[in-house]
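Undergrad: Quick one, what's the 3D model for this:
(one chain, ligands or ions: 1)
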Amino acid sequence: MPLDPHVAAEYVQTQAAGFTPRVGIILGSGLGGLADKIDAVASIDFKDIPDFPQSTVEGHAGRLILGRLGGMPVVCMQGRIHLYEGIDPQDLTVPVRVLKLLGIEILLVTNAAGSMSEDMGPGSLMLISDHINFTGRNPLVGENDDRFGPRFFPMGDAYDATLREHFKAVAKEMGIKLHEGVYLHYLGPNFETPAEIKAFKVMGADAVGMSTTPEVLVARHMGLRVAAISNITNLAAGMSKTELSHEQTLECAKLAAEDLESLVTIFLETLKRELLKAHLREEKNGDAE
Ligand code: HPA
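TA: Presented below is the predicted three-dimensional model:
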């Protein structure tokens, strides 16, 4: 039996009665600190949620946290499931569909990534402008579930232009350097070879990592607005003498983690104000009609 996101969402709703998140956040490796900043209403282990896919990687268990961040009602996935774990790609439709069923309109995705540009070293942040799905996998392959979205859908503007401008404006105001570029999803679980990195540069990629595209595909299928940021933990394979490892990723994820946490928090704070203003404008226009 395929996993049913409705079953999972109903369970979460019983744990956070009356709370409706507007923004979903997926936290990448080493970025769990943001979860601690949430004024939490509920915190639920993935393993306690029925019909929620479980990570097979030890220490990657994961939690769903509902609460307020920067005043915005959010639901945050601390930990995610990756294609390289060997799970059925279709199961990867479930987490983002659950977030949508809970009420989100916007999805913010973060990840750890290697950089393919000398000018964007460890400790940099990169706003994702577009992606290359190099995994050959797609969670939406199979029978289409029309309740969530159409069979065919465009990916031309997957990373919302308005949200990107908003992120850039907030970063500028905060004095945080925010690069922008194309993210390539490599299946993993190994890090790339230097020859692969050379090829990916020619293909137009700026950063490489092992996540994000499945979630973004599922979100765009449902028409959610998406923004994503890579936390650059290293120069990609062959570009420096550093031996790549998961430990190295986690250690260097700390370099920009604080900047990323502040950036996301202030982004949500200002977004909340903008949404409120737009809502008030709509109400006023409605009254005038
Ligand atoms: N490659 C793939 N995934 C990564 C990297 C990398 O260089 N750094 C952090 N995650």
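Undergrad: what's around residue 138, how many residues?
TA: 16 (other Cβ atoms under 10 Å). Where C-beta positions appear, they are placed from N, C-alpha and C, glycine not excepted.
Undergrad: Touching, it and residue 214? I think so.
TA: Yes. Between residue 138 and residue 214 there is a contact at 7.4 Å, judged by Cβ atoms under 8 Å.
Undergrad: Quick check: phi and psi on whichever residue of the stretch 1-150 of the chain sits closest to the ligand?
TA: Closest contact between the stretch 1-150 of the chain and the ligand, by Cβ to the nearest ligand atom, is at residue 114 (2.2 Å). Per-residue torsions, residue 114: phi -90, psi 150 (degrees, to the nearest 10).
Undergrad: That one - how many residues pack around it?
TA: The burial count for residue 114: 26, using other Cβ under 10 Å.
Undergrad: do the same with the one 4 residues further on
TA: A total of 9 residues lie near residue 118 under the criterion other Cβ under 10 Å.
Undergrad: May I ask which helix or strand encompasses it?
TA: Using DSSP states H and E, residue 118 sits in no helix or strand.
Undergrad: Distance of it relative to residue 201?
TA: Here residue 118 is placed at a distance of 11 Å from residue 201 (Cβ to Cβ, to the nearest Å).
Undergrad: check which helix or strand covers residue 44.
TA: strand 39-45.
Undergrad: moving C-terminal of that strand, what's the next helix or strand?
TA: Following strand 39-45 in sequence, per DSSP H and E, is strand 63-69.
Undergrad: List the neighbouring strands of whichever helix or strand comes after that following strand plus their orientation.
TA: Counting by DSSP H and E, the element after strand 63-69 in chain order, helix or strand, is strand 72-78. Partner strands for strand 72-78, per DSSP bridges, with pairing direction: strand 23-27 (parallel), strand 63-69 (antiparallel).
Undergrad: Strand 72-78 vs strand 39-45, what angle?
TA: 30 degrees (axes from the mean of the first three to the mean of the last three Cα atoms, to 10 degrees).
Undergrad: one step back: mind putting the strands paired with strand 72-78 in TSV, mean neighbour count and distance to the ligand included?
TA: Listed next are the strands paired with strand 72-78 as TSV, based on neighbours: other Cβ atoms under 10 Å; distance: least, Cβ to the nearest ligand atom, whole Å:
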stretch	mean neighbour count	distance to the ligand
strand 23-27	26	14
strand 63-69	22	21
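Undergrad: want to throw those strands into TSV with distance to residue 227 and mean pLDDT?
TA: As requested, the strands paired with strand 72-78 are exported to TSV (distance: least, Cβ to Cβ, whole Å; pLDDT from 0 to 100):
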stretch	distance to residue 227	mean pLDDT
strand 23-27	10	96
strand 63-69	14	96
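Undergrad: Please compute how far stretch 167-182 lies from its chain's middle.
TA: 17 Å (Cα atoms, centre = their mean, to the nearest Å).
Undergrad: Contacts made by that stretch with the rest, please.
TA: 117, 120, 124-132, 164, 204-207, 227, 229, 232, 259, 262-263, 266-267, 270 (Cβ atoms under 8 Å, 6 or more residues apart in numbering).
Undergrad: In helices, which of these fall?
TA: Of these, the ones assigned to helices by DSSP state H are 164, 259, 262, 263, 266, 267, 270.
Undergrad: isn't the first one right next to residue 129, touching?
TA: This points to residue 164. Yes. The criterion here is Cβ under 8 Å, and residue 164 meets it with residue 129 at 6.9 Å.
Undergrad: one step back: overlap of the contact sets of residue 138 and residue 214?
TA: Joint contacts of residue 138 and residue 214 (Cβ under 8 Å, 6+ apart) are residue 89.
Undergrad: tell me which parts of the chain are close to the ligand?
TA: Within the chain, the positions near the ligand by Cβ under 6 Å from any ligand atom are 112-114, 186, 191-192, 208-210, 233-234, 236, 244, 249.
Undergrad: neighbour-wise, which of those residues leads?
TA: residue 113 (34 neighbours).
Undergrad: Who is residue 178 paired with across the strands?
TA: residue 125.
Undergrad: Pull up the gap between it and residue 164, please.
TA: Relative to residue 164, and taking Cβ to Cβ, residue 178 is found at 10 Å.
Undergrad: which regions of the stretch 51-200 of the chain sit below the pLDDT cut-off?
TA: Within the stretch 51-200 of the chain, the stretches with pLDDT under 70 are 57-61.
Undergrad: can you give me phi and psi for the residue positioned nearest the centre of the chain?
TA: Nearest to the mean C-alpha position of the chain, by Cα atoms, centre = their mean, lies residue 109 at 1.5 Å. Main-chain dihedrals, residue 109, degrees, to the nearest 10: phi -120, psi 140.
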